[in-house]
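>>> Sequence plus predicted model, see below.
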Amino acid sequence: MAHFSLYNMEKTFYDYKEKNPQIKSFTIKDLDFDSELDFTDEEINKNRQNGNYQRIIAGNTLAMFYNIWEDKYRVEIANKVSLNKNEIKSDFFKELNYVRQSITHNSYNPSVKLDKLDKLSFIGNSMILKLSSLEVEKVKELLLSEIERLKNLYCS
């Protein structure tokens, strides 16, 4: 949803600017707190698919995916089969953790651990870390399949 909001802001700005070329910025006003955010062309461009804001949201989303696995699903599966959560193993989530570490511990920069990616190799390697809504969507689909596979493996 956040990706779409950024895209929509960019589209709204440029659609309006096409008819009103004199516009210099896009302003969002918060009347409750008497504050406003002003987005210039440069700021709006960070909303593009590979822009900085999209990259931050994609990275945060992927890190959150891993955290939900670690704190919710891994615990639920382990509890159902009377195991410690660390006994529930998944190569997919191990790879997702490598991506998360690049995001949270390496400031959104690739790390050498990304060279170990197999299932998530489309995200990058030690030279590049791709973070856009495209990668988030692919990871989400793989994640849902992996959770289902693990439930079937451990809870059937």
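Noted; the coordinates are in hand. Since this is a predicted model, take the numbers as computed values, not measurements.

>>> Look up how far Ser121 lies from the nearest residue to Ser35 once chain neighbours are set aside.
Nearest-residue entry for Ser35: Lys29, 7.6 Å, with adjacent residues in sequence omitted and distances by CB to CB, 6 or more residues apart in numbering. C-beta here means a position set from N, CA and C on the backbone, and glycine is covered the same way. In this view, Lys29 and Ser121 are 44 Å apart by CB to CB, to the nearest Å.

>>> Kindly report the same for Gln101.
To Ser121, Gln101 is 16 Å away according to CB to CB.

>>> More neighbours: which of those two?
More neighbours surround Gln101 than the other of Gln101 and Ser121, with 15 against 12 (other CB atoms under 10 Å).

>>> chain center to the host helix or strand of that one: distance?
For Gln101, the host element (DSSP states H and E) is helix 91-104. Centroid separation for helix 91-104 versus its chain: 12 Å, with CA atoms, centre = their mean, to the nearest Å.

>>> Quick one: residues in contact with that helix.
When contacts are defined by CB atoms under 8 Å, 6 or more residues apart in numbering, helix 91-104 is touched by residues 59-60, 62-63, 65-67, 69-70, 74, 108-111, 113-114, 116-120, 123, 129, 131, 139, 142-143, 146.

>>> quick one: least confident helix or strand in this protein?
helix 2-19 (a mean of 71; mean pLDDT, DSSP states H and E).

>>> Sheet partners, orientation included, of the following helix or strand past it?
Per DSSP H and E, helix 2-19 leads on to strand 25-30 as the next helix or strand towards the C-terminus. Paired neighbours of strand 25-30 in the sheet (DSSP bridges): strand 35-40 (antiparallel).
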